[in-house]
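J.: Quick one: sequence and predicted model below, then my questions.
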Amino acid sequence: MSGGELFSEKIDTSNVAFGKARMKIGDDIDVEFSIDVQKLAKALKKIKKGTEIDIKIEKGRVTVTDGKKRFGMPIFTDVKFKDINPKFTLTGKYVVNAEDFKNMLAFAKDISDEVIFKDGKAIAKNDVGEIYEEEFEFEGECASKYSTVWLKEICSAFDKNDTIVIETGKHTPCRITVVDGDIELEAFLAPRVGDGDL
């Protein structure tokens, strides 16, 4: 993937099941495809962190290999998922060190399976009165809640020194972005809905 660009989006209003990826290598090759993100994430966990991998797209399949292990899965056409890009207004932006964000999620998940992003704070609370709050660099305004399980899953792809940008709004999905050289990772996570104040 040297010299290329990789863009990845995870979107599903219920459980973030499918993703759309766009890969650009050099000036002439631009490939777009849709995949089952959950299955791909499980396969990538079996590859040792820091290992160089090859991603191939051929004959309707995406194949990932590290030289010893090989995982393949079918890709879907854009006819089925062409409208996967969400349309919403993001009014708040967090800028967070990946290690700090992962540590926050570790505390938060012991209290609740969801975390609230509200005007610069990340808040986890439950029905028995336990609460955990942490403030981060922030601008704008927001009030939305998200699954700690899925936030942890998405952030597992980031190195501890990465800078994560989380854009969110009021009861909207959030966009999570990390840029590392020529590679940009971008994920969208649907908000949790239900009763209770934010």
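T.: Done, it's in.

J.: Would you map out the domains in the protein?
T.: In terms of domains, the chain is parsed into 4-81, 92-189 (source: automatic domain parsing).

J.: Least confident of these, on average?
T.: Note on these: domain 4-81 shows the lowest mean pLDDT, a mean of 64.

J.: what packs against the longest helix anywhere in the chain?
T.: The helix that spans the most residues within the chain, counting by DSSP state H, is helix 98-109. Packed against helix 98-109 by the contact rule (3 or more Cβ pairs under 8 Å, 6 or more residues apart in numbering; DSSP states H and E) you find strand 114-118, strand 121-125, strand 131-135, helix 148-155, strand 163-168. For glycine as for every other residue, the C-beta is placed from the backbone atoms N, C-alpha and C.

J.: Any idea which of these gets closest to residue 44?
T.: Between residue 44 and the helices and strands packed on helix 98-109, the shortest gap by Cβ to Cβ is with helix 148-155, which sits at 11.1 Å.

J.: My understanding was that residue 190 contacts residue 171; is that so?
T.: No - the criterion here is Cβ atoms under 8 Å, and residue 190 misses it with residue 171 at 10.7 Å.

J.: what about those two, which has more around it?
T.: Under the neighbour definition other Cβ atoms under 10 Å, residue 190 and residue 171 were set side by side, and residue 190 has more, 20 against 14.
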